[in-house]
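Asker: Here you go, sequence then predicted model.
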Amino acid sequence: LACVCGVGTYYDPSQPSRCSCMEGYAGSGSNCTECVAGTHKNVSGSGDCLPCEPGTFKNTTGAGACSACSAGTSSLTGSTGSADCSLCTEGYAGTGSNCTA
């Protein structure tokens, strides 16, 4: 009996379906979808993609970590690009990504 796991999955004999989601893919078994920009999943197996934390962003789909905003700047939860790092953090002032101490 052959097992064919779909895109974003790998063979996992410990699972009833024999397939598990790879890092960067959400779902369970062989029903996995790629994490969208602004989200991440850094472990394999079943589960959801999580939004990037405030102060970080991710502009790609699939696997990968959220990147930190530049010093003095922050972003909202689930940000999808460095342009979203337009909030000045405590002790910094300015507009957009031009925050200075």
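Answerer: Received the coordinates, thanks.
Asker: Centre of the chain to stretch 45-64, how far?
Answerer: Stretch 45-64 sits 1 Å away from the centroid of its parent chain (C-alpha atoms, centre = their mean, to the nearest Å).
Asker: For the residue nearest the centre of the chain, give me its contacts.
Answerer: The chain has His40 as the residue nearest its centroid, 1.6 Å off, counting by C-alpha atoms, centre = their mean. The neighbours of His40, taking C-beta atoms under 8 Å, 6 or more residues apart in numbering as the test, are 24, 49-50, 52, 58, 64-66. The way it works is simple: take the backbone N, C-alpha and C, and place the C-beta from them, glycine included.
Asker: if you set the cut-off to 10 Å instead, what comes out?
Answerer: By C-beta atoms under 10 Å, 6 or more residues apart in numbering, the contact set of His40 is 23-24, 49-53, 56, 58, 60, 62-66.
Asker: Check Thr61 too.
Answerer: Taking C-beta under 10 Å, 6+ apart, one finds 24-25, 33-39, 49 in contact with Thr61.
Asker: Just the buried subset of the residues you listed, written out for PyMOL, thanks.
Answerer: The PyMOL selection below is limited to those of the contacts of Thr61 classed as buried (16 or more other C-beta atoms under 10 Å):
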select buried, resi 24+25+34+35+36+37+38+39+49
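Asker: If we only consider the contacts of Thr61, which is nearest to Gly91?
Answerer: Nearest to Gly91 out of the contacts of Thr61 is Gly38 (C-beta to C-beta; 26.3 Å).
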